[in-house]
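Undergrad: Just to be clear, the model below is a prediction. Sequence and coordinates:
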There are 2 protein chains.
Amino acid sequence: MDEFELIKRYFARPEISQIQGQYTDGLIGIGDDCALFDIPADMQLAQSLDTLVEGVHFPKECDPFALGYRALAVNLSDLAAMGAEPHSFTLGLTLPRVSELWLKEFSEGLAQLAQQVKAPLIGGDTTRGPLTLSLQVQGLVPKGKALLRSGASPGDLICVTGTLGDAAGALSSVLQGDTPKTCGDDHLKYLLNRYWYPSPRLFAGQWLRQMGATAALDISDGLLGDLRHILKASHVGAEIAPELIPRSSSLMQQYDQKTALKLALTGGDDYELCFTIPRALAQKLPSTLADGCHITCIGQINDEPGIIRDSQGNLLTEKAYTHF
Amino acid sequence: MDEFELIKRYFARPEISQIQGQYTDGLIGIGDDCALFDIPADMQLAQSLDTLVEGVHFPKECDPFALGYRALAVNLSDLAAMGAEPHSFTLGLTLPRVSELWLKEFSEGLAQLAQQVKAPLIGGDTTRGPLTLSLQVQGLVPKGKALLRSGASPGDLICVTGTLGDAAGALSSVLQGDTPKTCGDDHLKYLLNRYWYPSPRLFAGQWLRQMGATAALDISDGLLGDLRHILKASHVGAEIAPELIPRSSSLMQQYDQKTALKLALTGGDDYELCFTIPRALAQKLPSTLADGCHITCIGQINDEPGIIRDSQGNLLTEKAYTHF
């Protein structure tokens, strides 16, 4: 099968390439030199790119359906963090060989989430080489209204969505090749699902943008490391109460208290949002949003640039996972 | 050096990330969860993604400056084929290790062309793994005016820019590690320059869009294979005169007549444009455009779907290079 046939069969399928979104009328997708589309005059385009490499970001021989789903989810999470609405995505796929079963399942994983968020695949490139995925998503956000990292002020509350540490709690099982399908333990299955099928917090991001959050990002590398990006961009510091950090019952069942807390503070891959809101808005903040997403306040912004302390004034300095 | 420092040092440099384009006012680039920008109300966004893998699309240990330049040039060529104007680009870079010298030269190659076309780097991802580049460029084109592959009609003239076969003529030297710098032979040096530093035909593409070309694409896989994409999308056929296909004097010096013709018909990597224009516009078509780009008519569109014949009616069936 040549490259063109392969692309046509698995990625130009209507189920993935012809999804109708709110803003995709007139879009020209796969098949020409470029994809082409309009955006409404009162909107801005938000874009994010993530590269995932086999053996670095996901284990060899992993479930291709889960991989496709997760790759898109991780990417959509960046749109969520800006309060943007998904528009479309592109895929650079490097494959060591053509396996029809692999491609079928991988593209089905992509398609399931793409349909859910109404974002078609509009272009890409397929090449031969070590298994690598480069996804770029793009979304729309009203002009000048995107949630940036740079808007936090002393006194703002620091909050997170969902629970933290779950994906990190699944990591050693993920590396051993366990999947939610094969796992017999209910708690571990929960953590594995959190790793493989993260929920990009799109609804929460758009809600936070509208309600007046001052800064936001998604937690991909761990709370402490990622929160520092907000502190740096906003020239502020943070005091957080580790005991308030939301942890799932499955995480608490699988690990002792100290380890669960460490995972929640420094573990990556949850793709929950961390955001700040003016204290005056605290009254308006529900503990659960309309889509079921929980919100928890874990601390506040202060004026000590770049520093995170706990409630007793101790420095919190665990390093986030970095690639180099 | 951690990932964030690396990105900051080489890719967030103002010389590459803060290039001012005609439409980049207010753009938010590297440093937040997403890049953010507006597009004018009368324009559409055109996007193209290319993935390049070491050992597949470029040889191991190749000149990083040339690699950076070529990766962006190849990608911009897709914008040229739509008649679009460059806006910005993103980069997914997978690296086996951090070499500061490599990153410096690679980013300088990117920056040189990015400055030339006024398109800043606005985002991306840097990961560890086998050397792979995924570039996505985006450009702007007046709404509904992009040059597609699907507009060719019987009677239209088929034309190409520049000369064909040059990059293919350099390929065996490229694979041996020759570069324009190290090569002593003037003709081979010319061909190597054509391989490593292709000129994306941006001026020609925009000119052709305005003058009323009916279809266009860039020749990346070879004239015959790529022309077939126009024929397929437009449901037409082609008659071309191989002897009219423009070949450089360096190609003619390096190869016998038959080989040079074969390279020009089937060799990829030149990134010249192939386009069709209504016969009525032939009088308006200069042989050289204002930027020095030559234009040559090589045949005409007919109504025999998908078929390419020469002037004697012989089928031309050489296959384009495909990745699988």
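TA: Looks like it came in fine.
Undergrad: ok, and the closest non-adjacent residue to A:Leu135?
TA: A:Asn75 (4.5 Å; CB to CB, 6 or more residues apart in numbering or on different chains). The way it works is simple: take the backbone N, C-alpha and C, and place the C-beta from them, glycine included.
Undergrad: What are the phi and psi values at that neighbour?
TA: Torsion angles at A:Asn75 (phi, psi; degrees, to the nearest 10) stand at phi -70, psi -40.
Undergrad: Verify the stated contact: it with A:Gln138.
TA: No. The pair A:Asn75 / A:Gln138 is not scored as a contact, 9.9 Å apart, by CB atoms under 8 Å.
Undergrad: which neighbours do these two share?
TA: In the contact map built from CB atoms under 8 Å, 6 or more residues apart in numbering or on different chains, the residues linked to both A:Asn75 and A:Gln138 are A:48, A:89.
Undergrad: What about the residue nearest to A:Leu135, how many residues nearby?
TA: By the criterion of other CB atoms under 10 Å in any protein chain shown, A:Asn75 has 27 neighbours.
Undergrad: per-residue pLDDT, it?
TA: Looking at A:Asn75, its pLDDT is 96.
Undergrad: so what's it up against?
TA: A:Asn75 makes contacts with A:48-50, A:89, A:135-137, as judged by CB under 8 Å, 6+ apart.
Undergrad: can you list those in CSV and add pLDDT and secondary structure?
TA: Converted to CSV, those look like this (pLDDT from 0 to 100; DSSP: H, G, I helix; E, B strand; the rest coil):
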residue, pLDDT, secondary structure
A:Ser48, 96, strand
A:Leu49, 95, strand
A:Asp50, 93, strand
A:Phe89, 97, strand
A:Leu135, 96, strand
A:Gln136, 96, strand
A:Val137, 97, strand
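Undergrad: Put together TSV for these, with distance to A:Arg279 on each row.
TA: As requested, the contacts of A:Asn75 are exported to TSV (distance: CB to CB, whole Å):
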residue	distance to A:Arg279
A:Ser48	30
A:Leu49	35
A:Asp50	34
A:Phe89	37
A:Leu135	37
A:Gln136	37
A:Val137	33
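Undergrad: which of the residues you listed lies closest to B:Lys258?
TA: B:Lys258 lies nearest to A:Gln136 out of the contacts of A:Asn75, by CB to CB, at 43.5 Å.
Undergrad: show me what contacts that closest one?
TA: A:Gln136 makes contact with A:47-50, A:75, A:89-90, B:49, B:90, B:92, B:136, according to CB under 8 Å, 6+ apart.
Undergrad: Also A:Arg247?
TA: A:163-165, A:260-261, A:264.
Undergrad: Quick check: the farthest pair among those?
TA: A:Thr163 and A:Leu261 (12.2 Å).
Undergrad: So A:Gln138 versus chain B, what's the distance?
TA: The gap separating A:Gln138 from chain B is 8 Å, by CB to the nearest CB, to the nearest Å.
Undergrad: tell me the centre residue of chain A?
TA: In chain A, the centroid-proximal residue (CA atoms, centre = their mean) is A:Ser77; its distance is 3.0 Å.
Undergrad: how about it, what does it touch?
TA: A:198, A:200-201, A:218, A:220, A:271.
Undergrad: Return the list of helices and strands in contact with the helix or strand harbouring A:Thr259.
TA: Assigned by DSSP states H and E, A:Thr259 belongs to helix A:257-266. Helices and strands touching helix A:257-266, by 3 or more CB pairs under 8 Å, 6 or more residues apart in numbering or on different chains; DSSP states H and E, are helix A:166-175, helix A:223-234, helix A:249-254.
Undergrad: quick one, the helix or strand just after it and helix A:223-234 angle?
TA: The first helix or strand that comes after helix A:257-266 along the chain, using DSSP H and E, is strand A:273-277. Inter-element angle recorded for strand A:273-277 and helix A:223-234: 40 degrees (by axes from the mean of the first three to the mean of the last three CA atoms, to 10 degrees).
Undergrad: how about strand A:273-277, does it reach chain B?
TA: No. Between strand A:273-277 and chain B, judged by CB under 8 Å from any CB of the partner chain, nothing touches; the nearest distance is 9.7 Å.
Undergrad: Averaged pLDDT, that strand. What do you get?
TA: On average, the pLDDT along strand A:273-277 is 98.
Undergrad: The helix or strand following that strand pairs with which strands, and in what direction?
TA: On the C-terminal side of strand A:273-277, the nearest following helix or strand under DSSP H and E is strand A:295-302. When pairing is defined by DSSP bridges, strand A:295-302 lines up against strand A:157-161 (antiparallel), strand A:237-240 (antiparallel).
Undergrad: Kindly compare burial across those strands and name the winner.
TA: strand A:157-161 (a mean of 24; mean count of other CB atoms under 10 Å in any protein chain shown).
Undergrad: Could I get the CA-only coordinates of that one as CSV?
TA: Coordinates of each C-alpha in strand A:157-161 appear next as CSV, following Å, rounded to 0.1, in the frame of the first residue of the first chain:
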residue,chain,number,x,y,z
LEU,A,157,-6.8,31.9,44.9
ILE,A,158,-5.1,28.9,43.4
CYS,A,159,-7.4,26.1,42.3
VAL,A,160,-7.2,22.8,40.4
THR,A,161,-9.7,20.7,38.6
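Undergrad: do stretch A:197-213 and chain B meet at all?
TA: No. Taking CB under 8 Å from any CB as the criterion, stretch A:197-213 and chain B are apart, separated by no less than 9.5 Å.
Undergrad: Residues in contact with the helix holding A:Thr259: which ones?
TA: Taking CB under 8 Å, 6+ apart as the rule, helix A:257-266 contacts A:163-165, A:168-169, A:222-225, A:242-243, A:245-247, A:251-252, A:254-255, A:316, A:318-321.
Undergrad: Buried residues in it, which are they?
TA: A:260-266 (16 or more other CB atoms under 10 Å in any protein chain shown).
Undergrad: Can you pick out the most distant pair from these?
TA: Of all pairs in the buried residues of helix A:257-266, the most separated under CB to CB is A:Ala260 and A:Thr266 at 11.6 Å.
Undergrad: what's the helix or strand hosting A:Ile122 packed up against?
TA: Assigned by DSSP H and E, A:Ile122 belongs to strand A:121-128. In this structure, strand A:121-128 packs against helix A:3-11, helix A:14-17, strand A:35-37, strand A:85-95, strand B:43-53, with contacts taken as 3+ CB pairs under 8 Å, 6+ apart.
Undergrad: Now distance to A:Pro130 too, for the ones you listed, in CSV please.
TA: Below are those laid out as CSV (distance: least, CB to CB, whole Å):
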stretch, distance to A:Pro130
helix A:3-11, 17
helix A:14-17, 24
strand A:35-37, 26
strand A:85-95, 6
strand B:43-53, 7
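Undergrad: And those: which comes nearest B:Ile301?
TA: Nearest of these (CB to CB): helix A:3-11, 21.2 Å.
Undergrad: tell me the mean pLDDT over the closest one?
TA: Helix A:3-11 carries an average pLDDT of 75.
Undergrad: next one: stretch A:285-302
TA: Averaged across stretch A:285-302, pLDDT comes to 96.
Undergrad: hmm, who's touching it?
TA: A:152-163, A:199, A:201, A:203-204, A:207, A:211, A:231, A:234, A:236-241, A:244-246, A:276-277, A:279, A:282.
Undergrad: do that again at 7 Å, thanks
TA: The contact list for stretch A:285-302, computed with CB atoms under 7 Å, 6 or more residues apart in numbering or on different chains, reads A:152-162, A:201, A:203-204, A:207, A:236-241, A:244-246, A:276-277.
Undergrad: burial of A:Gln20, as a residue count?
TA: Neighbours around A:Gln20, by other CB under 10 Å: 10.
Undergrad: so who does it touch?
TA: A:Gln20 makes contacts with A:Lys118, as judged by CB under 7 Å, 6+ apart.
Undergrad: before we move on, what about the one 10 residues further on?
TA: A:Ile30 makes contacts with A:11-12, A:17, A:122-123, as judged by CB under 7 Å, 6+ apart.
Undergrad: Would you write a ChimeraX line that selects the buried entries of those?
TA: Burial among these is assessed by 16+ other CB under 10 Å; the matching ChimeraX selection reads:
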select /A:11,12,17,122,123
